[in-house]
Structure formats: C-alpha cells, structure tokens
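Novice: one predicted model, sequence on top.
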Amino acid sequence: MASPRVLTLDDARRIAVRSQLLDAERPGDVIEVAEQLGAVKIDPTRVIAACEHTVLWSRIGYAYEPGQLKDAVERDHLLFEFDGAFRPVSLLPLMLPAMRQWPRRESTRQWLDANSRFRSEVLARLRSDGPLLASDIPDTADVTRPPDGWFGSNQVPIMLDFLSRQGEVAIVGREGRHRRWDLAERVYPSDLPELDREHADRQWDERRLQAAGIARQKSPWTPVGMAGEPVRIEGLRSPWRVDPAALATLDEDAGGRVAFLNPYDGLLFDRPRLREIFEFEYVLEQFKPKPQRKYGLFAHPILMGDRFVGMLEAEVDRSESVLRIAAVHEFLPFDPEEDAMVREEISELARWLGVEVAEGKR
C-alpha cells in the first residue's frame, strides 16, 4: 500500500480556506455557498450583523443582500432551517435516516413517552391551523423539563425542537427572530430519495469533508470518518483526510484576500484544527468578564490569504448609522499594503451595512 501523500501546512491552509469559499474567487449566490458549506450558522448577536448574514457577506461580498437568504428559504425552498443553521435541501436525504432513529438519550425518550398526549395535540394543532409560532400552541405537557439556558419553562418549544429532530415538524419561516412551524410533510419535498442509514452517513461524512477540505481522521469537531483520501501534514503526527476535489485543484490557486469572520463562522468551529494548521488559538471573549477581554466582546478574526493576522473590534451604532471601529488588533504589525487591504475591507463592510465608518469608541 502506498504511503499517504504529505502536505505542507501551507497546502493544508489553502485547502481549508478555498473549501470555505474564502479565497479570491468569490461564489455567486446564497445557494452556492450553502451547498459548499453544508450549513450557514444562525445566531442573533448583532454587534456588527447577525451571523447568517455575516457568513454570506464574507463569501459573496457586496452583492449579497439579506433578502436573498429569506427568498431561498421561504420562497424558493432551496434551503431549510434545522438545528440552528440554514442547510441545502440536498442534505435532507442524508439526514432523515438519523432523524428517524432520534433520540438516543434515554431521558429524552422517557420525556417523549410521558408526553405522548401533548405530542399528539401539538401535531394535531399544526395539521389543522399551521403554520404557527410556538406561542400559538398551548402548553399541555404532562411532564415538564426545567429551564436549562436554551429553553424556558414553556414546553412547546421543547416539543417542537424534538419533533423537528425526528423529522415530524419543520420550520417554514420566521417572523423576526420567531420561527414558524408546520408539519414536515408540508415543508420538505415529497420526492426525496430514500437512503439506508449506512449509505446516508457515508455521504454526509463526504459532505462534511467537502466543506472542511481537510480534517483529522478522528475528530469529534469535524467527523468525516473515512471519507476522502488519507494524507499527512508536515510537522503533525495525526492522520488526516482530504477532499479529493480540493486536492486535485490545489495548484489552481486564485490567490487570497482579506475576510472578517463572524465568531460563529464555520472556519473557526474546529478549534484543534484551527490551532494545528493555522497556528491560531482562538477564544471567543463574549462570555468573559470585561476585565479579562483582550480583543473585545465580539471581535471578528481577520483572515488575510491563509493566515489569521488580527482581530477587528467594531460595532454598528444604529442610532448614529456608523460602524464604530474600536480597534484593529494586529498580531504582527501590518505593512502598508496589508493595512490598506484591511482598511479597504472595513470600508466595504460599512458600505454593505449602509453606514459610515467612525474610528474610536463613543
């Protein structure tokens, strides 16, 4: 058996950046981004802009408008919302076999069994009156779960979340930040291919590797199983898997650019990989006490080419319609060209947001 190909750290970084659509060749639209990434994370924190919109802007650029995402979900039905992210419908056949076997946790099964009447009432209400907000559905639970930081005392959102994980209900759209629910049979396409669990899991591993480009062979952060091809990375001991399509186009490098990444961006999720191939120790300071913050509450990492070079500490002041730049934290001092590139991207961000740039804290 031939030895696995050995990649340099530069190779690994380029593969990861290009697979996340953060190189100089920008994607054309929301669907292209979602198909490649597999998921566009939803988070309401709007220090600059909500995560789902920042993720798309950082890939597409100024041509992205937030209404395009809403249209893709609610009008064109090419994306669907599940488990805190917008996903392409092409992933649904890979997800449904696992959804039908959910849950694994005994305590969750016991709660669902104890609330079988409540479950039936929620489904009946959606069938007769849906789509509905959670607040439109009475809480008639027989057994309750205590608030846990994700859910409050109302059991309806919990039941809807569990039913969505089983493929029984689905999110059809939103009113502001509130989700509208309906029966999955009225939301999801009816002509999806049927896959067995093993086949579906294998294809989903391949899609995860497609989005990552390169990942540890055994990673709880980016589980890819044995998808793709085995590789080694210079200086790292663990075996890795690489997406064959990304490997085949490694030398077709369109070059890099500057990108500001939302703290919940997918490129940042796999912290061990981030540390190993980007040599970037990323800590989100949102939940740190203010005196312990180094870069700010919700600073956005700055990617330049295939390197993280700093942190953008900024906030949109909507009362004055400005993007207020508290600091551009440079890991190493920028040269004049690098400084100009970062400043130009700040200007592009402000233009996309429809505000002016203002230096310094208010």
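Specialist: That came through, no problem. Numbering: from 1, shown residues only.

Novice: low-confidence ranges, the chain, go.
Specialist: For the chain, the stretches flagged by pLDDT under 70 are 1, 360-362.

Novice: the helices in it, which residues?
Specialist: For the chain, helices defined by DSSP state H occupy the ranges 9-19, 30-37, 51-60, 66-70, 92-100, 106-114, 116-129, 156-165, 197-212, 244-248, 266-269, 271-278, 336-353.

Novice: among the ones you listed, which comes closest to Val172?
Specialist: The closest of the helices of the chain to Val172 is helix 116-129. By CB to CB, the value is 10.1 Å. C-beta: built from backbone N, CA, C; applies to glycine.

Novice: elements contacting that closest one?
Specialist: If you count contacts as 3 or more CB pairs under 8 Å, 6 or more residues apart in numbering; DSSP states H and E, helix 116-129 packs onto helix 156-165, strand 169-175, strand 178-183.

Novice: winner for burial among those?
Specialist: Of all the helices and strands packed on helix 116-129, helix 156-165 carries the top mean neighbour count, a mean of 20, counting by mean count of other CB atoms under 10 Å.

Novice: and the contacts of stretch 353-362?
Specialist: With CB atoms under 8 Å, 6 or more residues apart in numbering as the test, stretch 353-362 has contacts from 48-49, 316-317, 320-326, 346-347, 350.

Novice: just the buried ones out of these, please.
Specialist: The neighbour count (16 or more other CB atoms under 10 Å) marks 48-49, 316, 322-326, 346, 350 as buried among the contacts of stretch 353-362.

Novice: for Leu78, give me its contacts.
Specialist: When contacts are counted by CB under 8 Å, 6+ apart, Leu78 touches 31, 34, 72, 88-89.

Novice: which one of those residues is nearest to Arg275?
Specialist: If you rank the contacts of Leu78 by distance to Arg275 using CB to CB, Ala34 comes first, at 27.2 Å.

Novice: and Pro263, how many neighbours does it have?
Specialist: Neighbours of Pro263 under the rule other CB atoms under 10 Å: 21.

Novice: distance check, it against Leu236.
Specialist: With distances taken as CB to CB, to the nearest Å, Pro263 is found 25 Å from Leu236.

Novice: and Ala246, by the same measure?
Specialist: Counting by CB to CB, the gap from Ala246 to Leu236 is 18 Å.

Novice: ok, the nearest residue to Leu274 once chain neighbours are set aside - contacts?
Specialist: Nearest residue to Leu274 in three dimensions, chain neighbours excluded: Phe280, at 5.2 Å (CB to CB, 6 or more residues apart in numbering). If you count contacts by CB under 8 Å, 6+ apart, Phe280 has them with 274, 301, 308.

Novice: by neighbours, which of these wins?
Specialist: Pro301 (24 neighbours).

Novice: residue contacts, the residue nearest to Pro157 when sequence neighbours are not counted?
Specialist: Distances taken as CB to CB, 6+ apart put Ala134 closest to Pro157, at 4.8 Å, once the chain neighbours are dropped. Contact analysis of Ala134 by CB under 8 Å, 6+ apart lists 154, 156-157, 160, 178-179, 181.
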